[in-house]
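*Asks:* everything below, folded, please.
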Amino acid sequence: MIYLQHNMPIYEIHMNSHSLILFLSLADNLHFGKTSREHHVSPSALSRSIKQLEDELGTQLFLRDNRSVRLTREGQQFREYATEVISGWQTMRQSFKQDQLILQGELSLYCSVTASYSFLYDILSSFRQEYPRIEMKLHTGDAAKAVERIQEGLEDIAIGARPDSLPTGVAFQPIARSALRFIGPQSPQLLTEEQVKHPSAASWRDVPMILSEEGLARTRTDRWLKNHSIKPRIYAQVSGNEAIVSMVSLGFGIGVVPQIVLDNSPLSARIRTYDIQPPLTAYDIGLFALEKHLKEPLINAFWNRQH
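*Replies:* Prediction:
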């Protein structure tokens, strides 16, 4: 309900912002057909809306005939009023919207060093601009522990590879996909062309391997080895893909790491990749959070910002 006094008697008007917007559009266009098309309403619905305004004001706002539409003197006065109301309404709505966005607090995020190079700048720079009062507390470590740290409640958000089976209660949002690569040192050459093209138990028996202690890369490597009946000669089991690249670059053995790790490694020039067939299954990299926490304002803001 709006009480109007704008060089006119006081009127009690039952209207909404939509009817005022339609009126202002018609006042600009002076054409019922064009106005109805712009606002996706039928000409009859537009006419009813204008007629209702005129009835409530008790005065005619437009003069119309078969050829033209024009504002009456009262219509011109009401146009000034409607413009002020809509402007104020839009300003108020924007103010409320901004107030809702002023979230503050702390979010903990866990990822590997590689993920921090690959994803965090783009993710956090845009998030920081929109939510400057939310402080990010970053922890880095083995990507294989991403889901575990979420389940244990140690982190609000984690970045890691999606496991073959997502644990109950854990939400996942993909942000990238990466191939898994067999890698070796540039020198010495640890695999022959025959070993690459035709991997077998006999030919790989003496190949030293440097593997992850756990995680999706280890699971898929073990599956590949089993499918080829290869019992690996494990030189070392390490935590973190970056450590695998370091040891491989020194010539200690063959490793398996995501392509994204190689793309960001300062040691990539010392590494060769092997096009071993069939290739290991690529994996999805993304965000993890507990489903029950997604409605919390800070986590929800971060989670939905990535869509």
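
*Asks:* so where do the helices sit in the stretch 101-250 of the chain?
*Replies:* Per DSSP state H, counting those that start in this stretch, the stretch 101-250 of the chain carries helices over the ranges 113-115, 121-130, 146-151, 193-197, 216-227, 241-249.

*Asks:* in CSV, list those helices along with mean neighbour count and mean pLDDT.
*Replies:* From N, CA and C alone the C-beta is placed, and that goes for glycine too. Converted to CSV, those look like this (neighbours: other Cβ atoms under 10 Å; pLDDT from 0 to 100):
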stretch, mean neighbour count, mean pLDDT
helix 113-115, 23, 84
helix 121-130, 13, 84
helix 146-151, 21, 94
helix 193-197, 13, 91
helix 216-227, 17, 92
helix 241-249, 22, 94
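
*Asks:* with distance to residue 49 added, can I get those helices in a markdown table?
*Replies:* Shown next, in a markdown table, are these (distance: least, Cβ to Cβ, whole Å):
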| stretch | distance to residue 49 |
| --- | --- |
| helix 113-115 | 54 |
| helix 121-130 | 37 |
| helix 146-151 | 52 |
| helix 193-197 | 74 |
| helix 216-227 | 59 |
| helix 241-249 | 63 |
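
*Asks:* these: which one's closest to residue 288?
*Replies:* With Cβ to Cβ as the measure, helix 146-151 is the member of the helices of the stretch 101-250 of the chain nearest residue 288 (4.7 Å).

*Asks:* the helix or strand where residue 85 lies: which residues count as buried?
*Replies:* Using DSSP states H and E, residue 85 sits in helix 73-101. Buried residues in helix 73-101, counted by 16 or more other Cβ atoms under 10 Å: 74-75, 77-79, 81-82, 85.

*Asks:* now these in CSV, with pLDDT and distance to residue 240?
*Replies:* CSV is the format used below for the buried residues of helix 73-101 (pLDDT from 0 to 100; distance: Cβ to Cβ, whole Å):
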residue, pLDDT, distance to residue 240
74, 93, 76
75, 92, 73
77, 92, 73
78, 92, 70
79, 91, 68
81, 90, 67
82, 89, 64
85, 87, 61
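
*Asks:* between the helices of the stretch 101-250 of the chain, which one is nearest to residue 57?
*Replies:* helix 121-130 (42.5 Å).

*Asks:* domain map for the protein?
*Replies:* Split into domains by automatic domain parsing, the chain comes to 2-100, 105-177+285-305, 180-281.

*Asks:* and those domains, which one is worst for confidence?
*Replies:* Lowest mean pLDDT within the domains of the chain: domain 2-100, a mean of 79.

*Asks:* any idea how far it is from the chain center?
*Replies:* 39 Å (Cα atoms, centre = their mean, to the nearest Å).

*Asks:* which one of the helices of the stretch 101-250 of the chain lies nearest to residue 275?
*Replies:* Comparing the helices of the stretch 101-250 of the chain under Cβ to Cβ, the one sitting nearest is helix 193-197, at 6.8 Å.

*Asks:* so what's the residue nearest to residue 140 when sequence neighbours are not counted up against?
*Replies:* Nearest non-adjacent residue to residue 140, counting by Cβ to Cβ, 6 or more residues apart in numbering: residue 113, 5.3 Å away. Taking Cβ atoms under 8 Å, 6 or more residues apart in numbering, we find residue 113 in contact with 140, 240, 242.
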